[in-house]
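K.L.:
take this sequence and fold it.
(chains A and B)
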Amino acid sequence: MNRSNLHTKWSLVALLLVFSLLLAACPAPAAVGPATDDTTASTESSDSSDSSADESAAPADAMTTIFGETLPEDAAPYDEQVYRTACSTTANQTTFDFQVSVYSRYCLGDVFNDPLIELDKDFNVVPAAAESWEVGDDGLTWSFHLRPDQVWSDGTPLTANDYVATFQYLADPEHAWDFAWFYNGVIQNWEEVIAGELPKEELGVAAPDDLTFQIVTQQPFPPLPGMMKFGWTLQKKALEEHGPYYNSDPATSVSSGPYMLDTFEPGKLITVVANPSYKGYRPPRIQRMEAIYMDPGTEFSAFQKGEIDAVGYESLSPADLELVLNDPVLKENYLRHFGDFRTDYLLFDTFNPPFDNLDVRKAFAHAVDREAIVTNVYGEVKAMPAYAMLMPGFPSSSTKGELNEYQAYDCDLAKEHLATAGYPDGEGFPKLEMWLRDEAPALQAVFQAVAASISQCLNVEIEVSNKDRKVYTDAMNAKPTGLQFGAVSYGMDYLDPTNMLGIWVFGGRHSWKNDEFDQLINEATPLVGDPEKRDQLFRDAERILVDDVGGIFIDHRWQGTLFQPWVQGDCIREADAIGIMGEHWGNDSCVSNKYIEKH
Amino acid sequence: MGRYIVGRLASLVFVVIAASMITFTIMHAVPGGPFDEEKQPLPPAAKANMMRKYGLDKPMWQQYVNYITHAARLDFGISYQQPTTTVTKLLAERWPTTMQVGILTILFAFGIGITLGVLAAYHQNSWLDNALTFFAMLGITLPNFVLAFLLILFFSVRLDWLPMRGWGDSGCLINIPGQREGFMCADWVMPVFAYALGPMAIIARFTRASVVDAIRSDFVRTAYAKGLGNRVILSRHVLKNALIPIITVAGPMIPDLLTGSIFIESTFAINGIGKFFVTSAFNRDYPMIMAIAFLISGIWGLIYLLTDLVYTWVDPRVRLGAEGSS
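P.N.:
This is a model prediction of the structure:
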């Protein structure tokens, strides 16, 4: 009997312990109510109004944005203009601002200020925060004239001094910006300031007046305006008072962009709301945007449930994509676009055997059956076969297959090259390991197919190994390289061939050197006043790249977004000059055009 | 007993320090760093700035000594993944959620697992035993992330019965005033079930085997001969004697369950610490890797100590350390 009582006591104590642990484990109260509740509330209120009156009879101000714009007739009322996207639970995110860290930004970043320029739907450089710009007679001093009356959400005017402070912060050795290579050789004294040899005040940026931001380049550099797609600014005052992460707290966050921070719960939810003090060039129709954290593998499920309004192509598995393409409604709303003109390619160490032999490289290039791989493995909706670095449509790209012959699939020719290199029918050829950079399963399958195509054609042994991202990158960038043979991709940073082809200049990420190529790129990059010659120089350089087989180009990626049918806006639904719909890279004003249709 | 516990706790300190040294050495031996050069190599000066910023420009021994002296004061540094907060604060904020998931999973897995194991043992070779064996094998072989996706597709997308993500965010039976998260919520169901199925299946299998062994023992035969009822024999004789192997298997599961799973937390968007086990390694977030090494080695040490103490409670013949020899 006593023993039984003892057991009962123990059980009660255990239960109490567990209960108190669970209670203690409950997190502290949050200051802000759940964003989803707000949305639900607004949806509910509109639902009730829907039941009592015709939607078209909604009061005029219900259809007017806080910027005074009347929404399109088919739009949902303004308080229902909520755009929801997914945000990866496992992504490394530290800041909202490109100028703080490029590779670890929170979702919904880059809406707290406007870039100096942007790209229109046809990839032309057009004004954004800067309404105009010109280069001085010296060919080096660029003046960007800011739109007047731009203001931060705390009432502070936005001035060129904010840009100067931001660019000086970018070069600050204490900052150690992860994108520091971007302005290397571009902005005057950039390298010296980064190295701490000159004070940051010596950086080639200035504010001769509040509305003029000047950049002095090291040499004439025509693509500079295009680079200012990344010309975002931090607020000088907030930077000095609260440090670079001031936007990671709604209390210290300030915005001169179309949105301002509302809810910030990394790992759960981030919401931004339209910035009522915004005076810029892209006042949004969407009143509120939500980034809901979820595993990328569950995004399509959330989309099917109607919990998010868009899914990027990276989060669609091959099975998801097949489902999308077989459903007429989904297919119509999967909008394919250029993205960042990304090219997948093979790279190798051309300074050591076996790839120091051009015939080996040519053999490999002709052994890849790109057409079959894209059709059967990658899918034509996601990629097109590549024969060169620049995707057709990119400036100076080969649009009529002028470069195809250099790397086209021709197994017999490939075998001939391998025999010439001293490996007839693959005899004596060393076993290779093809490194991949932490690729997703879909791309692993593509590169497995590439390896199989080469192996089958040339009778060589290739093992594919998917490496940790940093291990791969470390080996690729090492001098001399630690990467004998691998696959990788590159997407543009700005719309000029000097970006996509410049990465092949010796000293960068590739272990390949061609003096003639380097000379052509170095001549073309600063060339001003003769766009045709500049274009031709880049075309000549790319011909050398594919002929000397600096890399083997596999495919150019079509990127795409699956939207809900109720997400509308000319910037995504209307085609560009060559018939491509979807949200184009760099077209940041699309945020002012998108809206939610009644549904 | 008291001396034994103090001795074990003292040795645990050395274990934790040894684990931290091994972790520190290995993580620095792996290529890459907490900076990215994905597109282009950084200029040498920029890379040197990076190394200085993260304190990686100092000799390894100095980095370790700096770290360990700060860690002794519970200052684990600032996470590279969350530079606006300290590692200690980050773990303090997020671990409670992971613990909630873990404790519920333990209760569910152990409760159901032991019950099913006993049932299977008592109905050996019956259809019930076979069905439970099949169920247990399914639980052992089905990875929790696969099960998680299947649950989401069925109960969330198709049937729309349960929320597909969150923890304490929706459908709560108890809402505590002033608290953002509720209690006993619909969004608890799928993560706990997906997380618990594997451990539950293992425990069920071990319980079955242990109980079958115990049932065949002489003391059970004697108990029946004395005329004791089934319930008394089960609770006082069979289960208690079958517990030792179950504790041996179940004990080590507890630290794993209490420190979370990236698959469960990521799939169901639970804001716990599970993801840091993987993301801190991928991102070379050295302070977070070290803090997690401390946490894991500490918890493992404590759970093993607790397991040893439970042995003495379950079977008084077990003696611990010096106590046994004196």
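K.L.:
what's the pLDDT at residue 42?
P.N.:
Defaulting to chain A. A:S42 carries a pLDDT value of 37.
K.L.:
try chain B instead
P.N.:
78.
K.L.:
next: the one 10 residues further on.
P.N.:
If you check B:R52, the pLDDT there is 85.
K.L.:
what does B:D315 give?
P.N.:
76.
K.L.:
pull the contacting residues for it.
P.N.:
Counting by Cβ atoms under 8 Å, 6 or more residues apart in numbering or on different chains, B:D315 makes contact with B:N241, B:I244. Where C-beta positions appear, they are placed from N, C-alpha and C, glycine not excepted.
K.L.:
which strand or helix spans B:A45?
P.N.:
Here B:A45, judged by DSSP states H and E, is contained in helix B:44-53.
K.L.:
does that helix reach chain A?
P.N.:
Yes. Counting by Cβ under 8 Å from any Cβ of the partner chain, chain A has neighbours in helix B:44-53: B:A45, B:A46, B:A48, B:N49, B:M50, B:R52, B:K53.
K.L.:
what residues does the stretch 101-250 of chain B have near chain A?
P.N.:
Contact residues, the stretch 101-250 of chain B versus chain A (Cβ under 8 Å from any Cβ): B:103-104, B:107, B:149, B:152-153, B:156-157, B:160, B:164-166, B:168-169, B:176, B:178-181, B:183.
K.L.:
of those, buried ones?
P.N.:
The neighbour-count test (16 or more other Cβ atoms under 10 Å in any protein chain shown) marks B:103-104, B:149, B:152, B:156-157, B:164-166, B:168-169, B:179-181, B:183 as buried among those.
K.L.:
among those residues, which are in strands?
P.N.:
Counting by DSSP state E, those place B:F183 in strands.
K.L.:
farthest-apart pair in the buried ones among the residues of the stretch 101-250 of chain B next to chain A, please.
P.N.:
Using Cβ to Cβ, those span at most 30.0 Å, a distance reached by B:F149 and B:Q179.
K.L.:
helices or strands next to the helix or strand harbouring B:M190 in the packing?
P.N.:
Using DSSP H and E, B:M190 sits in helix B:189-215. Applying 3 or more Cβ pairs under 8 Å, 6 or more residues apart in numbering or on different chains; DSSP states H and E, one finds that helix B:189-215 contacts helix B:87-122, helix B:127-141, helix B:144-151, helix B:239-250, helix B:253-258, helix B:262-267.
K.L.:
dump those helices into a markdown table; add distance to A:W512 and mean pLDDT as well.
P.N.:
Putting the helices and strands packed on helix B:189-215 into a markdown table (distance: least, Cβ to Cβ, whole Å; pLDDT from 0 to 100) gives the following:
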| stretch | distance to A:W512 | mean pLDDT |
| --- | --- | --- |
| helix B:87-122 | 42 | 91 |
| helix B:127-141 | 48 | 89 |
| helix B:144-151 | 40 | 92 |
| helix B:239-250 | 56 | 83 |
| helix B:253-258 | 47 | 87 |
| helix B:262-267 | 38 | 89 |
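K.L.:
tabulate those (TSV), appending distance to A:L537.
P.N.:
Below are these laid out as TSV (distance: least, Cβ to Cβ, whole Å):
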stretch	distance to A:L537
helix B:87-122	51
helix B:127-141	61
helix B:144-151	51
helix B:239-250	70
helix B:253-258	60
helix B:262-267	48
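K.L.:
relative to chain B, which residue of the stretch 351-500 of chain A is the closest?
P.N.:
Ranked by Cβ to the nearest Cβ, the top residue of the stretch 351-500 of chain A for proximity to chain B is A:K470, at 2.7 Å.
K.L.:
confirm that residue sits in a helix?
P.N.:
Yes. Judged by DSSP: H, G, I helix; E, B strand; the rest coil, A:K470 forms part of a helix.
K.L.:
how many neighbours does it have?
P.N.:
The burial count assigned to A:K470 is 23, neighbours taken as other Cβ atoms under 10 Å in any protein chain shown.
K.L.:
output the lowest mean pLDDT helix or strand found in chain A.
P.N.:
Lowest mean confidence among the helices and strands of chain A (mean pLDDT, DSSP states H and E): helix A:35-52, at a mean of 36.
K.L.:
could you identify the helix or strand that succeeds that one?
P.N.:
Immediately after helix A:35-52, counting by DSSP H and E, sits strand A:82-88.
K.L.:
one step back: most packed of the helices and strands packed on helix B:189-215?
P.N.:
Across these, the average number of neighbours (mean count of other Cβ atoms under 10 Å in any protein chain shown) peaks for helix B:262-267, which reaches a mean of 25.
K.L.:
can you tell me if it touches chain A.
P.N.:
Yes. Helix B:262-267 reaches chain A (Cβ under 8 Å from any Cβ) through B:I262, B:E265, B:S266, B:T267.
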